[in-house]
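**Q** Need a 3D model of the sequence below.
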Amino acid sequence: MLTYALIFMLGCIGLALLLNLVRLFNAPTITDRILTLDTITVNAIALVVLYGVWSGTGLYLEAAVLLALTGFVGTVAYCKYILRGSIIE
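**A** The predicted model follows:
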């Protein structure tokens, strides 16, 4: 039963990633694109965690934490660049 649930969730998150890619290219403003990139990062984290559950190892959870930290820093850097024009002051 767990296998079917994981396959279903992988399909749902994969579909969400495809829809986010469509939104990334059709977004009207730069802030919408940044939000879409952040959502893609969250979906990628979910994929990594689900694969970790499927394989039964905790190594993928550590990779998901690193991906979350990198995604957060990237989002903050994009927003700071939009607000001030430079990332490093």
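
**Q** helices or strands up against the helix or strand bottoming out on mean pLDDT in the chain?
**A** One helix or strand of the chain scores below all others by mean pLDDT, DSSP states H and E: helix 59-84, with a mean of 91. Counting contacts by 3 or more Cβ pairs under 8 Å, 6 or more residues apart in numbering; DSSP states H and E, helix 59-84 packs against helix 30-55. C-beta coordinates here come from the backbone N, C-alpha and C atoms, glycine included.

**Q** Kindly calculate the angle that the helix it packs on makes with helix 59-84.
**A** Computed by axes from the mean of the first three to the mean of the last three Cα atoms, to 10 degrees, the angle separating helix 30-55 from helix 59-84 equals 170 degrees.

**Q** Distance from helix 30-55 to the middle of the chain?
**A** Its chain's average C-alpha position is 2 Å from that of helix 30-55, according to Cα atoms, centre = their mean, to the nearest Å.

**Q** go on, stretch 16-35?
**A** With Cα atoms, centre = their mean as the basis, the mean position of stretch 16-35 lies at 12 Å from the chain mean.

**Q** tell me which residues in that stretch are buried?
**A** Counting neighbours by 16 or more other Cβ atoms under 10 Å, one finds that the buried residues in stretch 16-35 are 16, 20, 24, 33-35.

**Q** closest to Val73 among those?
**A** Ile34 (13.0 Å; Cβ to Cβ).
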